[in-house]
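# Predicted structure and sequence below. I'll ask about it afterward.
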Amino acid sequence: MSERLVTFPHMGEYWIAFETLVLELGATPLVPPRMTKHTLEVGARHSPEFVCVPFKYNLGNFIEALDAGASVIGQAGGGCRFGYYAEVQEAILRDLGYEFEMVNLTSSWSVGEFIADFKRIAPGVSTLRIARAFAIAYRKAKALEAVDDRVRKNVGFESERGAHDRVVGRFHRELRAAGAFRDVARLEERTLAELAALPLAKPERPLRVGVVGELYILMEPFANHSIERRLAEHGVEVHRFVTLTKLIEHGIRHRPHVRALLGEADPWVKYHLGADGTESVAMTWKLMQEGFDGMAHLKPFGCMPEVSAMSVLQRISREHTFPVLFVSYDAQTAETGIRTRIEAFADMLVMRARGRNSA
Amino acid sequence: MRIGLPRALLYHKYHMLWTTFLEECGFTTVVSPPTNRGILERGVSLAVDESCLPMKVLLGHIEALAGRCDAVFVPRQEAFERGEHLCVKFMGAYDIVRNTIPELRLITYDVNADHGVDERRSMIAMARSLGVPARVARRAYVLAEAAQHAHEVELARLQQSVADSPRSDDVRILVVGHSYNLADELIGAPILGYLRTLGAEVVTSDEVDKALARRTGAGMSPTMKWRYNKELLGSVELYRDMVDGIVFVVTFPCGPDSLMAELCARRVTGIPMTTLVLDELAGEAGTRTRLESFVDILRERRRRGHVRAVGA
């Protein structure tokens, strides 16, 4: 039998954690080729026309990985259309003639199912080993997020252009190679110290923008046309709260999480809007009260939970004259359009801040 | 107190339950008129651009009720059974309406089996909050539930009558779509009407034993969690041997339907299918041309089938 090569969809730099997970399970990972225009083209060609765009990116990743020899695909799901991706993608790929095994990791949110799914990825693996593999991958994801968070807040103010990227590039390389928990912890600590040592030209009170919306578009810079970076380049401290590990924690503690969000989204939302919709409202309302300068709301075109949230966000924005930049992404979204809108948004924030300071 | 019911979304499925309940509780019910161009245009201008067509229709109906009643009824539904879901627009409908037309008084009840919030208790609680005595509300629910059940049995009987009826010489077409689309005066009705004008016999995914259809749909697609899409998928399987072709009526940009129609086209073979995607700009001429050519194709297939049968 040929070797089992396990692949997964891309999402930001999380491939480092996914690769570790597969390796530690005792299977062989096949990281899908880096996202390119080809990924989206080939994914879109075989997708239903108006399915949300993350479906198309995922399918493109799978096709490119299968062409590179992958034989097992791990896919996740969520509380919207995302929960149905795996089954339809599998049907499409089978019709294209690919032979592979599809493991749907979130067909249910139970520990027993998780373990059974991991055993399908790596047959014969012990439960103890699964727990360790998950824990180290999770720790790596946490490290990625901690570094990413720091970069979002400071990269727009670096005195030497490219300094953050240099540190982060090395961090990614070393994180990939790190084998033990303490290595990951040390690397994270050292990287954060290196980032803290970089010279910044940051005003005492910089512009602050929160980024909310649909999880995949938020976390995949290729799909959102690096919107966080573009915002930062206009002298903005960018804050984002949705991360993979938080999604996992919220998925496990779904009910208390939703209850807490509804408290924060009060009085705008009475019931949970589904997926990340309630969180988009709660965070926008919270950050507005904390004195943030504006929000960016990102979603795939037609993403229903976020469209629901938009009707609330538009009202908050209108009644409190609070700037919210709404961006919708599909397979045709052009980079230049995004750049222009961000520029106009950032200019507006600067003018508002100036008006406030002179008043 | 007069309560307004928008003739949109799940009204088309649960009007028996809702009107019986509200009237037995002593309220007067007012229903918005069948969708017309004016209602749709108002809905389009109120809604977030990217909303799906049925959500735009809902908002148009809500506005049509403003000033004609004391409160508008917008329920919120997440799951009727554990592990099963409705499209998230039903979760958001109440809050969307509330934030789009803030000055309107709304009444609502919540159904979420995953969190133990059931329809009966929720509807009774809603009535009690409006001053209806518990005894009256409980009795109203029993009567309403019975009326709804009788209505659904009747729909299932229609399916059986299709199965039992002899085939005419002309083609028989299954039209698959959400009841809020098929029953809508502006969305589904022109399609059903035009197919009949062309001489086709039409059956719809609504005329089906819903529980059976859900079980059948779940068997065809194990990870599909949407209750109504299970019914649609199940109706395809239950009817496929009784019809010559299948028309999917999908409204733009419906999330669940975009994936379900894709899966259906890949899993159900051997029967012609076509998908009509409708939005607020859809012209009737284009739709008609597509239906005409689809019916022509089915007739041609049927004619050839006859020739083969005679030759055999």
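Arrived safely. Numbers count the residues shown, from 1 in each chain, chains lettered A, B, ... in the order given.
# For stretch A:226-246, what does the pLDDT average out to?
Within the predicted structure, the mean pLDDT of stretch A:226-246 is 96.
# of all the residues in the stretch 151-300 of chain A, which ones are close to chain B?
In this structure, the stretch 151-300 of chain A approaches chain B at residues A:255, A:268-275, A:277, judged by CB under 8 Å from any CB of the partner chain. All C-beta atoms are positioned from the backbone trio N, CA, C, and that covers glycine.
# Report the central residue of chain A.
A:M219 (2.0 Å; CA atoms, centre = their mean).
# same deal with chain B?
The C-alpha lying nearest the average C-alpha coordinate of chain B belongs to B:S179 (CA atoms, centre = their mean; 1.7 Å).
# Return the distance of that residue relative to chain A.
In this structure, B:S179 and chain A are separated by 19 Å, where distance is defined by CB to the nearest CB, to the nearest Å.
# Tell me where chain A has strands.
Taking DSSP state E to define them, one finds strands in chain A at A:5-7, A:28-29, A:72-75, A:101-104, A:207-213, A:236-240, A:294-300, A:324-329.
# what's the first one in contact with?
The set of residues external to strand A:5-7 that reach it, using CB atoms under 8 Å, 6 or more residues apart in numbering or on different chains, is A:22, A:27-32, A:61-62, A:65-66, A:69-74, A:121-122.
# Restricted to helices, list those.
A:22, A:61-62, A:65-66, A:121 (DSSP state H).
# And those, which is closest to A:A353?
For the ones in helices among the contacts of strand A:5-7, the residue nearest A:A353 by CB to CB is A:N61; the value is 40.1 Å.
# wait, doesn't that closest one sit right on A:M35?
Yes. With contact defined as CB atoms under 8 Å, A:N61 and A:M35 form a contacting pair (7.5 Å).
# what is in contact with the two at once?
Applying CB under 8 Å, 6+ apart, one finds that A:N61 and A:M35 are jointly contacted by A:H10.
# Pick out whichever of the two has more residues nearby.
With neighbours defined as other CB atoms under 10 Å in any protein chain shown, A:N61 and A:M35 compare such that A:N61 has more, 28 against 19.
# what's near enough to touch the more buried one?
When contacts are taken as CB under 8 Å, 6+ apart, A:N61 is in contact with A:7-10, A:32, A:35, A:39, A:43.
# now do B:I62
Residues in contact with B:I62, defined by CB under 8 Å, 6+ apart, are B:6, B:32, B:72, B:74, B:97, B:101, B:104.
# Those also near chain A: which ones?
Filtering the contacts of B:I62 for proximity to chain A by CB under 8 Å from any CB leaves nothing.
# low pLDDT regions in chain A?
A:1-2, A:107-109, A:359 (pLDDT under 70).
# domains of it?
Under automatic domain parsing, the residue ranges defining each domain of chain A are A:5-125, A:141-202, A:205-359.
# tell me how far the ends of the shortest one are from each other?
Read it as domain A:141-202. 28 Å (CA to CA, to the nearest Å).
# Show me how the record splits chain B into domains.
Recorded structural domains for chain B (assignment: automatic domain parsing) are B:2-149, B:166-311.
# and the longest one, average pLDDT?
The average of the pLDDT scores along domain B:2-149 is 96.
# do the same with the shortest one
Averaged across domain B:166-311, the pLDDT comes to 91.
# Please give me every residue in contact with residue 301.
If you meant another chain, say so; for now it's chain A. Residues counted as contacts of A:F301 (CB under 8 Å, 6+ apart) are A:50, A:52-53, A:328-330, B:50, B:253.
# nope, chain B
Neighbour list for B:R301: B:244, B:272 [criterion: CB under 8 Å, 6+ apart].
# ok, now which ones touch the nearest residue to B:E237 once chain neighbours are set aside?
Counting by CB to CB, 6 or more residues apart in numbering or on different chains, B:E237 lies nearest to B:T216, which is 5.0 Å off, once chain neighbours are set aside. Counting by CB under 8 Å, 6+ apart, B:T216 makes contact with B:233-234, B:237-238.
# Identify, from these, the entry nearest to chain A.
B:L233 (11.7 Å; CB to the nearest CB).
# Which strand or helix spans the closest one?
Counting by DSSP states H and E, the secondary-structure element that holds B:L233 is helix B:227-239.
# now that helix: how far from the chain's centre is it?
Between the mean C-alpha point of helix B:227-239 and the mean C-alpha point of its chain there is a distance of 12 Å (CA atoms, centre = their mean, to the nearest Å).
# residues in contact with that helix?
By CB under 8 Å, 6+ apart, the list of residues contacting helix B:227-239 from outside reads B:79-81, B:84-87, B:159, B:162, B:174, B:176-179, B:203, B:205, B:208-210, B:212-218, B:220-221, B:224, B:246, B:256-257, B:260, B:263-264, B:268.
# try 7 Å this time
Counting by CB atoms under 7 Å, 6 or more residues apart in numbering or on different chains, helix B:227-239 makes contact with B:80, B:84-86, B:174, B:176, B:178, B:203, B:205, B:208, B:210, B:212-218, B:220-221, B:224, B:246, B:256, B:260, B:264, B:268, all of which sit outside it.
# From those residues, which land in helices?
With DSSP H as the criterion, helices contain B:210, B:212-218, B:220, B:256, B:260, B:264 from among the contacts of helix B:227-239.
# Out of those residues, give me the one that has the most neighbours.
Counting by other CB under 10 Å, B:M260 has the largest number of neighbours within those, with 28 neighbours.
# and the closest residue to it other than its chain neighbours, how many neighbours?
Ranked by CB to CB, 6+ apart and with sequence neighbours excluded, the top spatial neighbour of B:M260 is B:N229, at 4.8 Å. For B:N229, the neighbour count with other CB under 10 Å is 27.
# What is the burial count for the residue of the stretch 151-300 of chain A found nearest chain B?
Checking the stretch 151-300 of chain A residue by residue against chain B with CB to the nearest CB singles out A:G274 as nearest, at 3.4 Å. Under the neighbour criterion other CB under 10 Å, A:G274 is assigned a count of 25.
# do B:G255 as well
With neighbours defined by other CB under 10 Å, the count for B:G255 comes to 26.
# if I look at it, how far off is B:F80?
Relative to B:F80, B:G255 is positioned 19 Å away (CB to CB, to the nearest Å).
# report the longest helix in chain B, please.
Of all the segments of type helix in chain B, defined by DSSP H, the longest one is helix B:134-164.
# quick one: buried residues of that one?
Judged by neighbour count (16 or more other CB atoms under 10 Å in any protein chain shown), helix B:134-164 contains these buried residues: B:137, B:140-141, B:144-145, B:147-148, B:152, B:155-156, B:159, B:162.
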